[in-house]
Each structure stands twice: as C-alpha cells, then as structure tokens.
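*Asks:* Okay, here's the prediction I keep looking at, along with the sequence it came from:
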Amino acid sequence: MPAVSKGDGMRGLAVFISDIRNCKSKEAEIKRINKELANIRSKFKGDKALDGYSKKKYVCKLLFIFLLGHDIDFGHMEAVNLLSSNRYTEKQIGYLFISVLVNSNSELIRLINNAIKNDLASRNPTFMGLALHCIANVGSREMAEAFAGEIPKILVAGDTMDSVKQSAALCLLRLYRTSPDLVPMGDWTSRVVHLLNDQHLGVVTAATSLITTLAQKNPEEFKTSVSLAVSRLSRIVTSASTDLQDYTYYFVPAPWLSVKLLRLLQCYPPPEDPAVRGRLTECLETILNKAQEPPKSKKVQHSNAKNAVLFEAISLIIHHDSEPNLLVRACNQLGQFLQHRETNLRYLALESMCTLASSEFSHEAVKTHIETVINALKTERDVSVRQRAVDLLYAMCDRSNAQQIVAEMLNYLETADYSIREEIVLKVAILAEKYAVDYTWYVDTILNLIRIAGDYVSEEVWYRVIQIVINRDDVQGYAAKTVFEALQAPACHENLVKVGGYILGEFGNLIAGDPRSSPLIQFNLLHSKFHLCSVPTRALLLSTYIKFVNLFPEIKTTIQDVLRSDSQLKNADVELQQRAVEYLRLSTIASTDILATVLEEMPPFPERESSILAKLKKKKGPGTVTDLEEIKKERSSDMNGSAEPTSVNSTPSPSADLLGLGAAPLTNSAPPPSSSGSLLVDVFSDSASAVAPLAPGSDDNFNLSLKTGLEKKNTITSSFVPAYGMFVCKNNGVLFENQLLQIGLKSEFRQNLGRMFIFYGNKTSTQFLNFTPTFLCLNLQTKPVDPTVDGGAQVQQVVNIECVSDFMEAPILNIQFRYGGTFQNLSVKLPITLNKFFQPTEMSSQDFFQRWKQLSNPKQEVQNIFKAKHPMDAEITKAKIIGFGSALLEEVDPNPANFVGAGIIHTKTTQIGCLLRLEPNLQAQMYRLTLRTSKEAVSQRLCELLSEQF
C-alpha cells in the first residue's frame, strides 16, 4: 500500500490503522472494524456525493480491512469510479483495490476494461503503467481477450517510453502464460526480437523473459533472437562494471540479464553461423575465465551473482554438448566447487557434474574428481548433498572404477540415511551386475548388500543373483559355498535365506563333498531358519527340500519326516499345506527317474532389460542420471539388434517352482547357448520364450494359452540368421530361413488392429508331418494350417492381431514338426512391435512445440545418444522414420538437418500420443534421439526400437 504521509492528507486512514493496532483483543478489533464498515457504507449510500479524496480514503480503508482477513462485499463500484480520476494517487488506489479484490468473473469487469482502454490510449506513461500492472495482476482470460492484441502494439511502438515497454513486455508474458491461445503471433514477433538491441537494459531484460517463453513453443518465429542474444551477451561479459553502472550488482554487470540470455540460448541448438558460434564460444570462455579471477568483493551477494551467471553458462555448454574444450573446462570449474565451504555451491556442482558425466567429451574429466566425491559422501552433513554425491558416483562409474565405487557405496550404506537407502541398494546392484568381470565379485557384493541393508533389498535384486548364478556355470559352485557360509551367521536376513535356499536347492551337490557342508548339514542349516521366516520364504524352502530329495537320496527319510509333521500337513496356510502334501506324495510314489526328470536343474533364464534399472528409473525419473556405459554399449551394438529366437533340443518336462511364484510352467531342460553379453537381464520375466514358456494368464496383454507336447522327442537344433530387427520399419520380408524351412511375412496394420500372412516353405524334398505352429502372447486369432507340408511346397497362415494395451515384448511363434523321423522344435519372435500400431499425425510447428512442452515431465521423455552404424543419408533416414509409423513433419525444427515426427499409438483401451526428434551430427557421426509420450514405458520401448535402425 502507498505510504501515508502528511502531504497525502489521509489522516482518517492513519487514525483507523492506529485504532486497530491498539485493540487489546480480537473482539475489540472486530467491533472497531464493524463500526468503520457501517460508517463507510453510510457514506457511500448517502445523498451527498463524495469527492475523489473521500472515495480514495474509504476505498483504502476497505482494502486494509480486507488484508486483515475480513470479507468485503461493497465498495467495488467506488473503486472503479476512481479509475476515471486524473489524479495519480486516486487512480493508483483504484487499480490497487481492483487488482486485489475484483474477481475475474465480476460484473464490473467490462467497466474496468473500458477504463483500462482509456488509460492505454491516453499515452500518459504513468497511467499506462498502472493499467498494464492491473492487467498483469488480474491476468484473467477476459483481460487476455480484451488486450492481447493491443499490448504487442504498445510494446513495439516507436514512441513508447522505456518504462512502459518494460511493463508491456511483462504484462504480455503474464497473459501468454495464462491464455497462450489468445496471444496472436504476428508481425510484432519479428520486431519484439529487436528489443534485445535496445539501449535500455531494463527493456532488454523484460523482452528476454518474454522471448524465452515464446520461443519454447514457437522456436521458428524467434530463431533470429539467437544472434542478437549472443551479441548482447558478448557486450555484457566483456564490459567493465563501470560501463553498466546502473545495472551492475556488486561488481557483476547485469547478472539477471546475463542469466536470461543464457536461458534463451538453451531453447536452440548451437548456432550454425560460424561467426555467431565463435562469438558465443568466446563469451562462455570469458565467463569461465572470470570465475577463476579473485573476487572483487567479499560480500555474499557478489559471489551469488557471479556464480548464477557461471552455472547458467555451464548449463548452456552441457545443452549444446558440442565443444569438448568447454565441457572439460566446465567440469574442472565444477570440481573446484566440490570443496567450497558454501553448501549450496557443492550441491549445484554435484548436480551439474552428473549431467556432464553423460557426455562422451567430459566423462573422463569427471572421473578425475572421484576421490573428492567419495570424501563428500563420507563427510557431508547435508543429506541432500550426500544424495547428489551418490548420483554422481553412479554416473561416473565405468569398468575402470566400478569396484572402487561399489565398495565406497557399500561402506556408506551402513550409515546412510534411511530415506535414500533403497535407491543406493538399487544403484549398487545395477553397477555390480553391469561391470562384473569376475562373477565371484558380483556374488560377494550382492550378498554383502543383503547383509548390510537387507530390509531395503527388493525382490528384483535377489532375483537377479539367482539369474546370474543359474546362467553362469563357472560361478555356481562358488555361489553355493558362499551362501552356505553366510547362512551360518546367527542372524540372517530373510532375503539371504531365500537366495541360499534357491542356490543350495539347485547346486548344493557341488559342495556336498566337503564334510563341513554335507547334505545333512545343508538341510539342517536351512531348516534352522525355517520357523523364523515368512510364508513365501517357507514355501520356497519346502521346494528346496524336495530338490534335496533328488540331489541327496541319503537324507530322503529326514526330509520326509519334516514334510510329514503336523506343522506342515496341518498348516493353517493353504499354500504351505498343499506343498507339503504334494511334495511328500511325490517323494513317496515317484521312481528315481521320474523324480530326476521332475526335479531337474532349472534352465537358464531368458535375457531382457533390467527390471532393477526400470525400478530405479521409476523411482528417480528417466534422464535423471544418464549411464554413459550403456550409451557406449548401444553405439557399438549391431544395427538391428537380435531377434533372440531359440532352438531347443530336449524333452519338455515339469519342473519345481522353487520361488513359489505360481504354477510351475512346462520347461525345456537343456539350456540354449549362454550369452557372454550384458548381464542386464530379467530373472523372472513375463515374456514368453522357447526355453521357459509362461503359464497361461501371466500377462494381461497376452492371452493365448500354450500348446506343448508331452511325448519324448529327439530334436535337431538348426542354426539360422535372425531378421527380426529389419521388420521394425517394414512389414514384408523373410523372417527366418535354414536348410529345412523358410518363413516369410506380409502384414498390414491400422489403428489397434493388424493382419499378418505367414508363409511356411518346405525347402526339402521330404514331407513335414504334424506341422504345428503355435503363438505365445498378444491377442491373436489364427486359422490352423495343414499338418502336412509337402516337399518344395508352401502353406499360408492368416493371423488377426488386436493390440489390447501397450506391450514391450513381441509374441513368440513356436513351430513343431517331424522331419525324417526326427522331431523339430524352434521358436522365433514375430515382428509385432509397439510401433506397428502407430498412426501418423500431421502437426503445425506451433502445435508440435506446444504438445512437446506439455510432455515435459521427466518420466515422459527418453533420450538416447548413439553412434551411427550406417552412412548418415538424409533420404534413408526419412524413409526409416516414415516406415517406423510416425508422420515426418517438415519445417518444424529450427535446425533443418533435424528430423521431427508425430503419431498416435492406438490400443483397445487408450491412445498414446508420441513426439520424436532425431538430431544427426555428421561431424561426429552420431545421433541424438528424443522421444516424448504420455507413458514412460512406451517412450522407452519406442526409443529402443528406433535407435536400432540407425
């Protein structure tokens, strides 16, 4: 409120305020306010007309009463009347009252708009400023409809004073934020860009805020601002503090304007003009150089302003990610802040270095600060800074320092705050698995993790230990020995009991030769933990016991006595009771051969994306910490990836469900060739595979039941070249071919429906008998094929497809037939991927970037930077994007070399909008692919599929 002075003369207001302050109780205050309200109401309703001074005084009293928390239901009309006054103080109080008390739905809004129009047309800068402030404060849609077309004209008019231009720019910014559809883009946009060259820095600051917001949704309209922003920034950073005296803040020239200009430049890629790019590089180098200079003042305001500009410059360097020298220098500068006495600076430095670690140019520079970051983890008092240190250690980790970082994180875990323990556990598990060269080290690390923070170890983590041990023959004996020793501790966490029960049930025979770990000792050790565990763990241990019956016949009687006890056969839990009854009966009546078949060793698990990594992304949000090692791996992988089909060559047989995760599926006993690639695979995936098909009903999106023969078969394994990846961007071709069989495809898709024609060709001169193709997963309707395929003949099968909801894994085609008296069994992935249900969507540049902005949640965006695996031909790239299913949008991206696409994924239950942007770097032979959709999993899957095509 305006200050009350003797010259102002509102003595009655001063007296009223004094009376209120002198009230001894709330009741006395309400009584005094009610008396004053009655007096004001009588004055407004009286026959005597009030002069401007009286109206102003009474309106001021009403405003003060409202600010005290009391409702005001009259006086609005008198405030509107004040707007027509020619006295500044009366008009000011009128606008102030309206800005605070008038609702946007008020019936007086039309009168207020008329008064504002009159003041805007008056060309009186004082009155125009009051009117613009009122519009910005109210900011209603009605105000936007009335003045959105008028304010840009005031902003770019040549005779508008600087103070009015400032107000007009900020007022337009407010209206654009509340009602962007009502602010028209027109000729004024090119003229407002030139305000960046205005001599008045206040105008430039306000205009920069406006242009930055507008450029985020309409980059093409304001791309000329880049060169002007660079020019203005150059003049600021190279000037002395005395040159910009009015806008120098503690010896830092125009820090707020510098920050705004740097943020504006982050709306665009690096400038293409070499001169502009060179000038911008000089600016950034100058800012980095000034950071090394001794401070000109010891006051905190000086360092705050200086560092604000520095951090924004580093953000721009990271955004451009194109100047190795600048990235390394930025990293070194941040490294100095890691030991700064100011906590906020240490926090910001750690946060920025997490992003720098994802750049191939600065990753090595970030790694040089590992000791400082580890020290911060040990000594920092602020938990938020320690959490950022954990994030940075995770981001800078690679094969060269993995063991050191994992060891430090484990040490910290013992004293870590409870709020971040689960996140640290996930990161340790991921790093240990990803960079495990010696798998014994991996097993030791995870068991140590369970020991230190067992309550925070999720099921995904111990599932992964099981998967690694089962898939790696060379670590099975060591794992069995290690968990046996760990279980001997007086107090074991339940997760360790689960791991021990599973591993000893599968591989306890590998250590049974040692008298210290004989079968009976193993059993007694596990059974000593039985009564302390929860029901799911007890169920798993019962499965381990029946496995022991097969592995160690000499303790069969002991185990049967346990299963026969009343605590098992009459257990109150139906699951434990049923297992005890069934396992006891199985061990009693089954012959040795049947027992060996039913309880044979579990086959290796199929590989797929890490469920732990998915959980960490869900917890932190994708893109929070980019994994450089993963990026490098993607860059070196094959263009089309692997279809991961599997030929199997043994007898299907039922196997025990050791983990108690549901009915035991029918599995094949012989493992497929083990992979020496990434360990980032899921342990108990929902995907179907030829090795371990799913039990029916295991996934809501896939509802076809399995068909598996139970007769013994002699199967011949056939090698073949997978062609799954080539179908991501096309629908026709040969999917599979070996010396016996060729499978061709021809398919078409529309919205959430599709139809696929599958052609099976017999390449031999001998008939295929009992030819039976079956499909696992997805909602597929198929017509049966002739069970006999003559030599040299081809049969066709029509498959109708419906996408019920978004899915990650492709369906499996399993084919069984007899050839020359030998049973053949092979499986291959069908190329039915999520992008097949894409419908292209044409969008204007404005609509695209408006939608792009709406999908700004970190969980909605997935970005991948990868090395080009093929020549970077623009026409081929366009064809692949169109073949992927999205519309290719021309003249949308400010950089014409970039590719932009849009489309909608159609499923039966929902529609998922998708926007993509592909940025090629011909010089570096690299791509940056960014996808945004409304669902995190969809963004991730589409990014994976499209990345493999380039």
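*Replies:* Cool, the structure landed.

*Asks:* Give me the nearest residue to residue 949, chain neighbours excluded.
*Replies:* residue 880 (5.0 Å; CB to CB, 6 or more residues apart in numbering). In this view, the C-beta of every residue, glycine as well, is placed from N, C-alpha and C.

*Asks:* hang on, the one you found in a helix?
*Replies:* Yes - judged by DSSP: H, G, I helix; E, B strand; the rest coil, residue 880 forms part of a helix.

*Asks:* ok, it - contacts?
*Replies:* Contacts for residue 880 (CB atoms under 8 Å, 6 or more residues apart in numbering) come out as 729, 946, 949-950.

*Asks:* which residues of the stretch 301-450 of the chain fall in helices?
*Replies:* 324-337, 343-356, 363-367, 370-379, 383-396, 402-413, 418-434, 439-453 (DSSP state H, counting those that start in this stretch).

*Asks:* wait, which of those helices is closest to residue 39?
*Replies:* helix 343-356 (52.2 Å; CB to CB).

*Asks:* what about residue 421, how many neighbours?
*Replies:* Using other CB atoms under 10 Å, residue 421 has 18 neighbouring residues.

*Asks:* for residue 843, same thing?
*Replies:* A count of nearby residues for residue 843, using other CB under 10 Å, gives 19.

*Asks:* does it count as helix, strand or coil?
*Replies:* Bear in mind the rule, three-state DSSP; under it residue 843 is coil.

*Asks:* where's the residue lying closest to residue 310 once chain neighbours are set aside relative to residue 333, distance?
*Replies:* Among residues not flanking residue 310 along the chain, residue 291 sits closest, at 5.0 Å (CB to CB, 6+ apart). Here residue 291 is placed at a distance of 6 Å from residue 333 (CB to CB, to the nearest Å).

*Asks:* buried stuff in stretch 315-331?
*Replies:* Neighbour-count burial for stretch 315-331, counted by 16 or more other CB atoms under 10 Å, picks out 315-323, 326-331.

*Asks:* meant to ask about stretch 803-821
*Replies:* For stretch 803-821, using 16+ other CB under 10 Å, the buried residues are 803, 806-819.

*Asks:* how long is it end to end?
*Replies:* This stretch, stretch 803-821, spans 39 Å end to end (CA to CA, to the nearest Å).

*Asks:* same check, this time on stretch 103-117
*Replies:* From start residue to end residue, stretch 103-117 stretches across 19 Å - CA to CA.

*Asks:* tell me how far that stretch is from the chain's mean position?
*Replies:* 44 Å (CA atoms, centre = their mean, to the nearest Å).

*Asks:* What of stretch 553-566?
*Replies:* On CA atoms, centre = their mean, the centre of stretch 553-566 falls 51 Å from the chain's centre.

*Asks:* Repeat that for stretch 223-230.
*Replies:* 31 Å.

*Asks:* all numbers from here: first residue = 43
*Replies:* Sure, I'll start numbering at 43, so the last one becomes stretch 265-272.

*Asks:* Buried residues, that stretch. List them.
*Replies:* Quick answer for stretch 265-272 (16+ other CB under 10 Å): 265, 267-272.

*Asks:* Kindly report the same for stretch 616-629.
*Replies:* Result for stretch 616-629 [16+ other CB under 10 Å]: buried residues 618, 621-622, 625-626, 628-629.

*Asks:* Other residues contacting it?
*Replies:* 577, 580-581, 584-585, 587-588, 591, 598, 601-602, 605-606, 610-613, 637, 640, 702.

*Asks:* mean confidence for that stretch?
*Replies:* Across stretch 616-629, pLDDT averages out at 91.

*Asks:* cool, and stretch 818-837?
*Replies:* 77.

*Asks:* Quick one: distance of that stretch to the chain centre.
*Replies:* Counting by CA atoms, centre = their mean, stretch 818-837 comes out at 41 Å from the chain centroid.

*Asks:* just stretch 445-460 next, same as before
*Replies:* With CA atoms, centre = their mean, you get 25 Å for stretch 445-460.

*Asks:* just for the stretch 543-692 of the chain, where's the confidence low?
*Replies:* 649-692 (pLDDT under 70).

*Asks:* low-scoring pLDDT stretches of the protein, where are they?
*Replies:* Ranges of the chain meeting pLDDT under 70: 43-51, 146-147, 283-285, 649-766, 819-822.

*Asks:* Would you mark the buried spots in the helix or strand where residue 333 lies?
*Replies:* Per DSSP states H and E: residue 333 is located in helix 316-334. Within helix 316-334, the residues scored as buried using 16+ other CB under 10 Å are 318-319, 321-323, 325-330, 333.

*Asks:* Now do that helix: which elements does it pack against?
*Replies:* helix 267-279, helix 342-362, helix 366-379 (3 or more CB pairs under 8 Å, 6 or more residues apart in numbering; DSSP states H and E).

*Asks:* Nearest to residue 945, out of those?
*Replies:* helix 342-362 (26.6 Å).

*Asks:* Dump the C-alpha coordinates for that closest one into CSV.
*Replies:* Provided in CSV are the C-alpha atoms of helix 342-362 (Å, rounded to 0.1, in the frame of the first residue of the first chain):
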residue,chain,number,x,y,z
VAL,A,342,27.9,-13.0,-0.5
GLN,A,343,25.8,-11.0,-3.0
HIS,A,344,28.9,-10.7,-5.2
SER,A,345,29.6,-14.4,-5.3
ASN,A,346,25.9,-15.3,-5.7
ALA,A,347,25.6,-13.1,-8.8
LYS,A,348,28.8,-14.3,-10.2
ASN,A,349,28.0,-18.0,-9.7
ALA,A,350,24.5,-17.6,-11.0
VAL,A,351,25.9,-16.5,-14.4
LEU,A,352,28.6,-19.2,-14.3
PHE,A,353,26.1,-22.1,-13.6
GLU,A,354,23.8,-20.9,-16.4
ALA,A,355,26.7,-20.8,-18.8
ILE,A,356,27.7,-24.3,-17.8
SER,A,357,24.1,-25.4,-18.4
LEU,A,358,24.3,-23.9,-21.9
ILE,A,359,27.6,-25.7,-22.5
ILE,A,360,26.0,-29.0,-21.4
HIS,A,361,22.9,-28.3,-23.5
HIS,A,362,25.0,-27.8,-26.7
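
*Asks:* Touching that helix from outside, list them.
*Replies:* 291-294, 297, 300-301, 304-305, 307-308, 311-312, 325-326, 329-330, 332-333, 337-338, 365, 368-369, 372, 375-376, 384, 387, 390, 394, 397-398, 401.

*Asks:* Just the buried residues of the residues you listed.
*Replies:* Using 16+ other CB under 10 Å, the buried ones in the contacts of helix 342-362 are 291-294, 297, 300-301, 304-305, 307-308, 311-312, 325-326, 329-330, 333, 365, 368-369, 372, 375-376, 387, 390, 394, 397-398, 401.

*Asks:* I'd assumed residue 123 was in a strand, is it?
*Replies:* No - Residue 123 is assigned helix when assessed by three-state DSSP, not a strand.

*Asks:* Excluding covalently adjacent residues, which one is nearest to it?
*Replies:* With CB to CB, 6+ apart, the residue lying closest to residue 123 is residue 97, at 6.5 Å.

*Asks:* and the one you found, what does it touch?
*Replies:* 120, 123-124, 132.

*Asks:* Secondary structure element for it, which one?
*Replies:* helix 94-109.

*Asks:* Tell me which residues of that helix come out buried.
*Replies:* So helix 94-109, judged by 16+ other CB under 10 Å, has buried residues 94, 96-107.

*Asks:* pull the CA atoms of it into CSV?
*Replies:* Extracted in CSV, the C-alpha atoms of helix 94-109 (Å, rounded to 0.1, in the frame of the first residue of the first chain):
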residue,chain,number,x,y,z
GLY,A,94,-12.2,11.9,-5.1
TYR,A,95,-10.2,12.3,-1.9
SER,A,96,-13.0,10.8,0.3
LYS,A,97,-13.6,7.9,-2.1
LYS,A,98,-9.8,7.2,-2.1
LYS,A,99,-9.7,7.3,1.7
TYR,A,100,-12.7,5.0,2.2
VAL,A,101,-11.5,2.6,-0.5
CYS,A,102,-8.1,2.4,1.2
LYS,A,103,-9.8,1.6,4.5
LEU,A,104,-11.8,-1.2,2.8
LEU,A,105,-8.6,-2.6,1.3
PHE,A,106,-6.8,-2.5,4.7
ILE,A,107,-9.8,-4.4,6.3
PHE,A,108,-9.7,-7.0,3.5
LEU,A,109,-5.9,-7.5,4.1
